[in-house]
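A.B. asks: Model the following, please.
(one chain, ligands or ions: 3)
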Amino acid sequence: MKYDLIIKGAEVATAADVTRTDIGVIDGRIATIGLDLGNADQTIVATGLYALPGGVDSHVHISQPAGPNVKMADDFESATRSAAFGGNTTVLPFCLPEDHQNLREAVDAYHAKATGNCHIDVSFHLIVNRTDPQTLGQHLPALLEAGHTSFKVFMTYPGMRLTDREILDVMAVAKKHGAMVMVHAENEDAIEFLREGAELDGKTGPYYHAATRPVPVEREATHRAISLAEIAGVPLTIVHVSNGEALDEIRRARVRGSRVHAETCPQYLTLTADDLDRSGFEGAKYVCSPPPRDEENQVACWKGLEQGDFELYSSDHCPFIFASPEGKQTDGAEQCFRHIPNGIPGVETRLPLLFSEGVNKGRIDLRRFVALTSTNHAKLYGLYPKKGTIAIGSDADIVLWDPKLNKTISQDILHHGSDYTPWEGFNVTGWPVTTILRGKVVVDNGILQDDSRHGVHLNRNLPGKPV
Ligand code: DUC
Ligand code: ZN
Ligand code: ZN
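C.D. replies: Ligands and ions are numbered 1, 2, ... in the order given. Reported below is the predicted structural model:
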């Protein structure tokens, strides 16, 4: 057999095994896994490296409308470039309808933004922020059938949040079509109560973003979301879980027999609310929702990863420029935290942070790293086994990983559209050196190889079960 590409000499890791073997690629797919493969047009010698399934980051925000006069720092070109440098080959951004758009028009507009601009593959989750009969009766079912098999609902943010009844109505559509409901679990009324109190007391700096979204706000909403899903009879995914009490709600639900999936993010493992208390307006760089907590909750989230409670580890990449009136310094933000755009960049640093803090520190093994960063995302969101593994017939989406490469994370070495990283100065060991999408090298040793932007949109199957 003549291969287009052979990767030789790597330790090949999947969610199940780590084996020293070679990989032969034909027409963008893995054709053979074994030794002595013979000839290829291109051979990459990867001795001393791991070959991992390309990262699948199932929670990113790209070119998402973010309010009047605020602009997200990444478009599809810059976000997918940054993701590729970070060892990812697929990202799943959220499609949020603007006020004048219905859900179908919003998806069309996202396709127009993404087409021809992606360095890696993408697939859109939907955000359901309206529950009128046309949305629930026509647009959502048609889009689910067309392969957008997951959507997110919000329990916070005026204009986005749904009532309990609305969430139930949306869940009923998910049930009919077998789709996955993702929930942003924070109690908006409780937040507004606390926010008004903070404002009256003159507590308006970035830190009070965290103080007015304390753990019970998330714990209560997590419990309620799970209860609603039990009532509607659907599985659900709680995204960006930040603390031990919310995770306890998920554990208890599973003991009851509920199918609840859970995601956490690097910010809940490595940052704390004290970061929002940095001097001047620096704390705004760390404003995201839910906010980073304290060290005790970091430990609880690490335990959740170690024990297998979290199936997903995503970036929640939601980038804004710090030094811009269209970003973190938008009108009114320096006067009150209420106006600071929520979100931080992180698609490029997700994998190195978990490898360094998780694998190198003995908290998780390499197979679990692969499951948390790639395989489970592909399984849960209907992309497996095309994505998320190294197996015969799968897309040849492979990241070559140098487990010994030491880097200090810094804005200078990243490729996102934001002007800062929350992990400035954070030291990591383990870094992606080559990212391969469907058999083509996209990034090699810090250089974008091929700017022809081969990424495509993927229609997805129905959700499967993570490992
Ligand atoms: N929710 C997200 O999922 N991402 C960023 C901000 C938010 O509230
Ligand atoms: Zn969210
Ligand atoms: Zn998010």
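A.B. asks: if I pick L143, what's in contact with it?
C.D. replies: If a contact means Cβ atoms under 8 Å, 6 or more residues apart in numbering, then L143 has 103-104, 107, 126 as its contacts. (Glycine included, C-beta is placed from N, CA and C.)
A.B. asks: What is the nearest of these to ligand 1?
C.D. replies: The shortest distance between ligand 1 and any of the contacts of L143, using Cβ to the nearest ligand atom, involves L126 and amounts to 13.6 Å.
A.B. asks: Specify the beta-bridge partners of the closest one.
C.D. replies: Each beta-bridge partner of L126 is listed here: C95, F151, as defined by DSSP bridges.
A.B. asks: Need the pLDDT of A66.
C.D. replies: According to the prediction, A66 has pLDDT 94.
A.B. asks: The longest helix along the chain and ligand 1, are they touching?
C.D. replies: Taking DSSP state H as the criterion, the chain has its longest helix at helix 215-232. No. Contact of helix 215-232 with ligand 1 is not found when judged by Cβ under 6 Å from any ligand atom; the minimum separation is 11.3 Å.
A.B. asks: what does that helix contact?
C.D. replies: 155-156, 164, 167-168, 171-172, 174-175, 181, 183, 185-187, 190-191, 194, 235-236, 238, 241-243, 245-246, 248-250, 253, 256, 258, 260, 290, 293, 297.
A.B. asks: excluding its backbone neighbours, what's nearest L312?
C.D. replies: Taking Cβ to Cβ, 6 or more residues apart in numbering as the measure, L312 lies nearest to E263, with 3.8 Å between them; neighbours along the chain are not counted.
A.B. asks: What of Q42?
C.D. replies: For Q42, the closest residue by Cβ to Cβ, 6+ apart turns out to be L5, at 4.9 Å.
A.B. asks: same check, this time on A190
C.D. replies: Using Cβ to Cβ, 6+ apart and skipping residues adjacent in sequence, the residue nearest A190 is V217, 4.9 Å away.
A.B. asks: per-residue confidence at that neighbour?
C.D. replies: 98.
A.B. asks: Please apply the same query to V70.
C.D. replies: At V70, pLDDT is 97.
A.B. asks: Give me the neighbour count for it.
C.D. replies: Residue crowding around V70 was assessed by other Cβ atoms under 10 Å; the count is 20.
A.B. asks: element containing it, please.
C.D. replies: Per DSSP states H and E: V70 is located in neither a helix nor a strand.
A.B. asks: Could I get the full set of helices for the chain?
C.D. replies: According to DSSP H, the helices that the chain contains are 76-85, 103-114, 133-134, 140-145, 164-177, 188-200, 207-211, 215-232, 244-256, 267-270, 295-306, 350-354, 366-370, 376-380.
A.B. asks: on that earlier part again, what's the separation between the residue nearest to A190 and A10?
C.D. replies: Here V217 is placed at a distance of 45 Å from A10 (Cβ to Cβ, to the nearest Å).
A.B. asks: thinking again about what came up before, quick one: which two of the contacts of L143 are the most distant?
C.D. replies: Of all pairs drawn from those, the widest gap by Cβ to Cβ lies between R104 and L126 and measures 9.9 Å.
A.B. asks: how does the protein divide into domains?
C.D. replies: Split into domains by automatic domain parsing, the chain comes to 3-52+395-448, 54-368.
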